[in-house]
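# dropping the sequence and predicted coords here.
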Amino acid sequence: MKFLKTLIVLVFLLSLACAGVTFYLSTIRENEKEKRIYLEGVRAELEGQVEKLEGEKTELQDKANSLEAKNQDLTKQLEEEKESRKRAIALVQEKDSDLESLRGEMGDAQRAFENAQKRNQELERILDELESRMRQVEEQKVLSASDANASGFVELSVTPTSPSAGTPTTFAEPTDPLSPTPDVIEKPASSAAIPVTTLPEPPKRRKFFPFLRKSKEPAPQPARTEADSIAPVSGEFLIPKEPQGATISQVSEVSVGKLETSKPAVVTPRRTDQTIAGGNVLLVNRNYNFIVINLGSKQGISLDDVLSVQHEGAEIAKVRVEKLYDDYSAAYIVEEQSQHPIGEGDGVTAA
């Protein structure tokens, strides 16, 4: 019996233990179920977030691709801008160099123009001085003519002839002022030759380059008559006006004595179109490198003509005509031999 009681007690205790274990396990199961349900909700929420993030990732990837394309375009534009900037800098540098070159050329041209102006002013001064000297010579000729008329001499005509011509020059003898027709005589063969200084005629007009200053208008000259073309006699015979540049022939002093009457004096008109083959150097200016010669437009000289300067028959230099007058001109020295510089009196002919 005792054993049976003990067995019943043990069974009761085991039942209690089983009930406790069952309750514990059911509690744990409920907890696990709640946790599983919660975790499933969290998982679903996380899956939604993941899907949302995936969509955002896709959008961001598209934006990244778009930005990458824009970045490539901007990089390409930047490279093009850099190339354009380099080309612009090179062009600016080239323009600067061209500008500096133009400034240098402009400075050289300005200096050359100033030098040309100075040379032209010097030419004007020298040529004006020549004009004044020639006017003085003309005044002296007029005074000599008036003295000759006052002393009872009649006027004569000297007709220049070529060296090959054999016709002698005839002169008029002194006669009474009341005599209507003067007689002429033959020139004595033994008359002594007296050289006369060669001086150029005063110019009637000037010709300049366009950039030179305008010269003064020449004074109006009276018309030449037949009486004016005859030179007066006063001790020595004066030379009739011939185109400047030729070597003016020497005149002779005639001894007044017993003279035989021949034919009347005939006035031969001077040839205005006569061309003189050569001339001489009147002045040399080393400061501005030019010379003045006694050849002008009357002798067939033109602007920019190149002439040859000769000394004792040998060419020593070449000159170019810069200023032209009727009976003389100014020429720039183009070539010159260093061992034979140009001097006054050297011959000038066409090159």
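Everything's here; your move.
# what residue ranges in the stretch 101-250 of the chain score low on pLDDT?
Where the stretch 101-250 of the chain drops to pLDDT under 70, the residues are 148-250.
# so in the chain, which strand runs the longest?
The strand of greatest length in the chain, counted in residues with DSSP state E as the criterion, is given as strand 314-325.
# what comes up buried for the very next helix or strand once past it?
The first helix or strand that comes after strand 314-325 along the chain, using DSSP states H and E, is strand 329-336. Buried residues in strand 329-336, defined by neighbour count with 16 or more other CB atoms under 10 Å: 329, 330, 331, 332, 333. Placement of C-beta: from N, CA and C, glycine included.
# just these now: which is nearest residue 51?
Within the buried residues of strand 329-336, the smallest distance to residue 51 is 100.6 Å, found for residue 332 (CB to CB).
# wait, the closest one touches residue 285, no?
No. Here residue 332 does not reach residue 285: they are 10.3 Å apart, not a contact under CB atoms under 8 Å.
# make sure I have this right: residue 138 is in a strand.
No. Inclusion of residue 138 in a strand is not indicated when DSSP: H, G, I helix; E, B strand; the rest coil is applied; the result is helix.
# distance of it from residue 131?
Summarising the geometry, the distance separating residue 138 from residue 131, computed by CB to CB, to the nearest Å, is 10 Å.
# and the two? Which one has more around it.
For residue 138 and residue 131, the more surrounded residue by other CB atoms under 10 Å is residue 131, and the numbers stand at 20 against 14.
# quick check: phi and psi on that one?
For residue 131, the backbone dihedrals (degrees, to the nearest 10) come out as phi -60, psi -50.
# what is the neighbour count of residue 340?
16.
# next: residue 291.
Around residue 291 there are 24 residues (other CB under 10 Å).
# what helix or strand is it located in?
Element membership of residue 291 [criterion: DSSP H and E] is strand 290-293.
# buried stuff in the longest strand of the chain?
Neighbour-count burial for strand 314-325 flags 316, 317, 319, 320, 321, 322, 323, 324, 325 (criterion: 16+ other CB under 10 Å).
# columns distance to residue 52 on top of these, output as CSV?
As requested, those are arranged in CSV below (distance: CB to CB, whole Å):
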residue, distance to residue 52
316, 109
317, 105
319, 103
320, 99
321, 102
322, 99
323, 102
324, 104
325, 108
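# on that earlier part again, which secondary structure elements does the strand holding residue 291 sit against?
Taking 3 or more CB pairs under 8 Å, 6 or more residues apart in numbering; DSSP states H and E as contact, the helices and strands that strand 290-293 lies on are helix 2-150, strand 278-285, strand 314-325, strand 329-336.
# format the ones you listed as a markdown table; extra columns: distance to residue 302.
Listed next are these as a markdown table, based on distance: least, CB to CB, whole Å:
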| stretch | distance to residue 302 |
| --- | --- |
| helix 2-150 | 18 |
| strand 278-285 | 14 |
| strand 314-325 | 7 |
| strand 329-336 | 10 |
